[in-house]
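Provided below are the primary sequence and the corresponding predicted coordinates.
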Amino acid sequence: MKFQTIKYYSLLIVAILFSNQAQAQLSGGNTSCPFGGTSVDGSDCNNTIITAVPFLRIVPDARFGAMGDVGIALSADPNSMHFNASNLTFGERDFSVSATFTPWLRALGLNDVFLAYLSAYKHIDHMQTIGMSLRFFSLGSIQFTDEQGTPLQTVKPNEFELAAAYARKLGKYFSTGITLKYVFSNLGNGAVAGGQTMRPAHAFAADVSFTYRKPMKIAKKDAIITAGLVFSNLGTKVSYTKSANRDYIPANLGLGASFEYNFDEHNSLTLAFDINKLLVPTPAKSKILDDNGNLVDNPDFDASPADGIPDYKQQSVPAALFSSFGDAPGGASEEFAEFMYSVGIEYWYNKQFAVRFGHYNEHKFKGNRKFLTVGLGIRYNIFNINFSYLIPWAAGQRNPLDNTLRFSLIFDFGKAPTKKKGK
């Protein structure tokens, strides 16, 4: 008996939209898009970039999550594995491990959807550091039915990422790192839709990262400036069936900077800013409006309709990385709209108590994620605990982390090794 095709797509929508935190809103009315053209139907200007396994882009921990998802250039802890592995060489501890649990969609009454994250780093010596992380995303239980709505089977979709990193200093203030990843995504193994049997998707990916971190004196006070550059999730395409129509994973370019200032021995403040852009082709619309306002086929959508695969999805991964900087249908204005911005503030008192604030912004036609974040941190001896809470920015906007308090635990051991005299 055939499953309803709609069930197959519903499963993908849950994985893509909810795990990407995207709640795109319609513009409403006969509004022209801000990218130099008019929308296909005169009302919806959205052109959000959609990828497979978007859970790879979810910020996994409470500290960075409390600062508007900033993290590329912040002081290192084990969760820097997600943002910038090269930063681990500047970690202040010899060995550190972190565990984070993030409930997902609790505002909808779901108790079995969550993200769990384990990460750790260890200094080999004062120049080299290794790190590891495991990310697990559970999408709960989903009931499949036949075309008459009769229950047939229950699946429990889940995804995970296993990552290992090596970072090395190339100088006193500069470091680089590489992270290798294996990604597994099971959204309904064995389910059948459209005559095709769903199967788990597998991907291999890598991050390449760089960090510049320099201490200095400003007004006779200690300060640190940090800058980071990261190319993340550079990897293979995936498919949940044997179809040749494969999807890109969320390759991303991230730039970050931070400024840490110690007012005295008890009070310090850090300001941080991140910019991110997906290195994935912008979707082309299958229909466009001609000069007379008529809806017609877009000749740039699919030059070979027989294969059923849009042209923008047929590029190789390397080609897609480069073309993503200039393929938006709306030109430069749409390309700039694809940048995502984060800003965060972290205040420490006596290096034991932290207060954090942040803001995240994404263009309303490119996902429309806009939220404020707040959080607290407590450090005692080897033990650290961080909390964060997310507040949607726009009225009526929903987020998977609405009404959810997430927390992280970090355990630090020993001091980072230093360069020995005479070497």
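Sure thing, it's come through. Residues are numbered from 1 along each chain as shown.

Next one, pLDDT for residue 232 please.
At residue 232, the model reports a pLDDT of 97.

Show me what the host helix or strand of residue 234 is packed against.
Using DSSP states H and E, residue 234 falls within strand 221-235. Judged by 3 or more CB pairs under 8 Å, 6 or more residues apart in numbering; DSSP states H and E, strand 221-235 is in contact with strand 174-186, strand 201-218, strand 252-262, helix 317-323. The way it works is simple: take the backbone N, C-alpha and C, and place the C-beta from them, glycine included.

For that strand, buried residues please.
224, 225, 226, 227, 228, 229, 230, 231, 232, 233, 234, 235 (16 or more other CB atoms under 10 Å).

tell me how far that strand is from the chain's mean position?
16 Å (CA atoms, centre = their mean, to the nearest Å).

Paired strands for it, with orientation please.
strand 201-218 (antiparallel), strand 252-262 (antiparallel) (DSSP bridges).

Might you report the residue contacts of residue 316?
Contact criterion CB atoms under 8 Å, 6 or more residues apart in numbering gives no residues in contact with residue 316.

how near is it to residue 246?
Distance of residue 316 to residue 246, computed by CB to CB, to the nearest Å: 11 Å.

Same check on residue 141?
27 Å.

Same question for residue 183.
Distance from residue 183 to residue 246, by CB to CB: 14 Å.

where do the contact lists of these two overlap?
In contact with both residue 183 and residue 246: residue 238, using CB under 8 Å, 6+ apart.

ok, the two, which is more surrounded?
Using other CB atoms under 10 Å as the criterion, residue 183 and residue 246 rank with residue 183 on top: 24 against 18.

For that one, give the beta-bridge partners.
Those that pair with residue 183 in a beta bridge, by DSSP bridges, are residue 161, residue 203.

need the contact list for it.
Taking CB under 8 Å, 6+ apart, we find residue 183 in contact with 53, 56, 159-161, 201-205, 235, 238, 249.

Could you rerun that using 10 Å?
52-53, 55-56, 135, 159-163, 201-205, 233, 235-236, 238, 249 (CB atoms under 10 Å, 6 or more residues apart in numbering).

what do you get for residue 401?
Contacts of residue 401 (CB under 10 Å, 6+ apart): 21, 58, 65, 102-107, 115, 371, 373, 388-392.

Can you flag the buried ones in these?
21, 58, 65, 102-106, 115, 371, 373, 388-390, 392.

Out of those, name the ones that lie in helices.
Among these, the members found in helices (DSSP state H) are residue 65.

still on that earlier bit, could you dump the strands paired with strand 221-235 to JSON lines with distance to residue 356 and mean pLDDT?
Output for the strands paired with strand 221-235, formatted as JSON lines (distance: least, CB to CB, whole Å; pLDDT from 0 to 100):
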{"stretch": "strand 201-218", "distance to residue 356": "20", "mean pLDDT": "96"}
{"stretch": "strand 252-262", "distance to residue 356": "13", "mean pLDDT": "97"}
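
Mean neighbour count, those: which tops it?
strand 252-262 (a mean of 19; mean count of other CB atoms under 10 Å).

Kindly export that one (C-alpha atoms) in CSV.
In CSV, the C-alpha atoms belonging to strand 252-262 read as follows (Å, rounded to 0.1, in the frame of the first residue of the first chain):
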residue,chain,number,x,y,z
ASN,A,252,28.8,28.6,5.1
LEU,A,253,31.2,31.5,5.2
GLY,A,254,31.6,33.2,8.6
LEU,A,255,33.5,36.3,9.6
GLY,A,256,33.7,37.3,13.3
ALA,A,257,35.4,39.9,15.5
SER,A,258,35.4,40.6,19.2
PHE,A,259,36.9,43.1,21.6
GLU,A,260,37.5,42.2,25.3
TYR,A,261,38.3,44.9,27.8
ASN,A,262,39.2,44.4,31.5
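
mind listing what's buried in the following helix or strand past that strand?
The first helix or strand that comes after strand 252-262 along the chain, using DSSP H and E, is strand 267-278. The neighbour-count check on strand 267-278 (16+ other CB under 10 Å) flags 268, 270, 272, 273, 274, 276, 277, 278 as buried.

now do stretch 333-343
Buried, per 16+ other CB under 10 Å, within stretch 333-343: 334, 335, 337, 338, 339, 340, 341, 342, 343.

Check for me that the last one belongs to a helix.
No - Residue 343 is assigned strand when assessed by DSSP: H, G, I helix; E, B strand; the rest coil, not a helix.

wait, it sits on residue 259?
No - the criterion here is CB atoms under 10 Å, and residue 343 misses it with residue 259 at 11.9 Å.

rewinding a little: which neighbours do residue 316 and residue 246 share?
In contact with both residue 316 and residue 246: residue 237, using CB under 10 Å, 6+ apart.

Who are the contact partners of the spatially closest residue to residue 115 that is not a sequence neighbour?
Spatially, and ignoring its direct neighbours in sequence, residue 115 is nearest to residue 102 (4.3 Å; CB to CB, 6 or more residues apart in numbering). By CB under 10 Å, 6+ apart, the contact set of residue 102 is 58-62, 65, 113-117, 137, 388, 400-401, 404-408.

cool, residue 300 as well?
284, 285, 286, 288, 310, 311, 312, 327, 329.

Then residue 111?
So residue 111 contacts 103, 104, 105, 140 (CB under 10 Å, 6+ apart).

Any figure for the gap between the last one and residue 218?
With distances taken as CB to CB, residue 140 is found 50 Å from residue 218.

Repeat that for residue 262.
Residue 262 is 10 Å from residue 218, by CB to CB.

Next: residue 347.
Distance from residue 347 to residue 218, by CB to CB: 17 Å.

Check for me that residue 398 belongs to a strand.
No - assessed with three-state DSSP, residue 398 is coil; it does not lie in a strand.

my guess is it meets residue 390, correct?
No - Residue 398 is beyond contact range of residue 390, at 11.1 Å (criterion: CB under 10 Å).
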